[in-house]
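[1] Any chance you can model this:
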Amino acid sequence: MSDSPVPILMYHSIAAAPNDATRALSVAPEAFAEQMALLGDRGFTPVGTAELAAGWRFGSALPARPVLITFDDGYEGVHRHALPVLAKHGFASTLFVSTGWLRGAYDTGGGLDTMLSWDQVRELAAEQVEIGGHSHTHPQLDQIDDDALRFEVRRCREIVADELGTPPRSFAYPYGYSSRRVRRAVREAGFAQSLAVGNALARRRQGPYALERVTVRRSTGVEEFERLVEGRAIARNFARDRALTKGYAMVRRARQVRRKAIRSRV
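    Model (predicted):
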């Protein structure tokens, strides 16, 4: 079975005029269109998250140059700007929704910009867009207790299943962070695979619950985008991100140790 690396692209908002909260991780509609055209020109075939994971798990056939196009959170621009481009090319993609951020009955008010409605999510699901889970309220899952963790993951899955008539099979960790405890909770909730960030190409040996993605942001030019999908100079492109992530990981571990110490004294 091939362990050839696969680029999994992580998008957030596709917006012409994003707000300050989403600007850095947004992509302009014309830039997104140019990036999708490049994928077609280079012979990539977009597949869904579940399709890639099944190919690696069971050895089922994958196209010669698979790529994943993924969107996190559930911003309205995915429907307004991304869907027409994806439909034009016949590209599959995956949308990971934070169910408590979407407009409708479950809205907790946490969405960072204009979010999708459930009617729009259903329209996306009808157009080769796999709908996955991204928690209910988008917390750092490895920083909350077991009860809250189970609620975030299972409530998300229940709402998607109720709204779309079928449970989601794929999950993406908010902020890209996970731990063995979080991965176990995601698996026990019924998700078959999950995506992190990592800013590296995905490989089968990473395991179905820790597949890595590459961040596409507003500053990503078309030449850099081509290097990312071809797997060239990724480490150099994301050196600063990785340094910041390592530093923040130390802070997060210290917080976890401190909380455990506090609990043990209670």
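
[2] what about the strands in the protein?
    8-11, 45-46, 66-73, 93-97, 129-133, 170-172, 193-198, 211-215 (DSSP state E).

[3] Just name the most buried of those strands.
    Mean neighbour count, computed with mean count of other C-beta atoms under 10 Å, is highest for strand 170-172 among those, reaching a mean of 29. C-beta: built from backbone N, CA, C; applies to glycine.

[4] which residues sit against that one?
    Contact with strand 170-172 is made by 48-50, 53, 70, 72, 94, 96, 130, 132-134, 153, 186, 191-196, as judged by C-beta atoms under 8 Å, 6 or more residues apart in numbering.

[5] hang on, the earlier thing: right, and the strands of the chain - which one's nearest residue 158?
    Residue 158 sits nearest to strand 129-133 of all those, at 9.8 Å, using C-beta to C-beta.

[6] Can you name every helix or strand that the closest one contacts?
    Packed against strand 129-133 by the contact rule (3 or more C-beta pairs under 8 Å, 6 or more residues apart in numbering; DSSP states H and E) you find helix 49-58, strand 93-97, helix 118-125, helix 146-164, strand 170-172.

[7] so which of these is the most packed in?
    Most buried of the helices and strands packed on strand 129-133, by mean neighbour count (mean count of other C-beta under 10 Å): strand 170-172, with a mean of 29.

[8] Let me see the contact set for residue 183.
    Here residue 183 is in contact with 194, 209, 210 (C-beta under 8 Å, 6+ apart).

[9] Put together TSV for the strands of the chain, with distance to residue 146 on each row.
    Shown next, in TSV, are these (distance: least, C-beta to C-beta, whole Å):
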stretch	distance to residue 146
strand 8-11	27
strand 45-46	36
strand 66-73	24
strand 93-97	22
strand 129-133	18
strand 170-172	17
strand 193-198	18
strand 211-215	24
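
[10] between those, which one is nearest to residue 114?
    Evaluated over these, closeness to residue 114 peaks at strand 66-73, with 11.3 Å, by C-beta to C-beta.

[11] show me what contacts residue 12?
    Residue 12 neighbours (C-beta under 8 Å, 6+ apart): 22, 25, 26, 27, 71, 72, 73, 75.

[12] Roughly how far does the spatially closest residue to residue 78 that is not a sequence neighbour sit from residue 98?
    In space, and not counting its chain neighbours, residue 78 is closest to residue 71: 4.9 Å by C-beta to C-beta, 6 or more residues apart in numbering. In this view, residue 71 and residue 98 are 11 Å apart by C-beta to C-beta, to the nearest Å.

[13] and if you look at residue 24?
    18 Å.

[14] so residue 152 touches residue 142, yeah?
    No - with contact defined as C-beta atoms under 8 Å, residue 152 does not count as touching residue 142 (11.3 Å).

[15] Around the residue nearest to residue 177 when sequence neighbours are not counted, how many other residues sit close by?
    Counting by C-beta to C-beta, 6+ apart, the nearest residue to residue 177 once its immediate chain neighbours are dropped is residue 142, at 5.3 Å. Per other C-beta atoms under 10 Å, the neighbour tally for residue 142 reads 20.

[16] burial count for residue 187?
    16.

[17] quick one: the closest residue to it other than its chain neighbours and residue 142, what's the gap?
    Closest residue to residue 187 apart from its sequence neighbours, by C-beta to C-beta, 6+ apart: residue 209 at 6.3 Å. Distance, residue 209 to residue 142, by C-beta to C-beta: 13 Å.

[18] Common neighbours of those two, please.
    Joint contacts of residue 209 and residue 142 (C-beta under 8 Å, 6+ apart) are residue 178.
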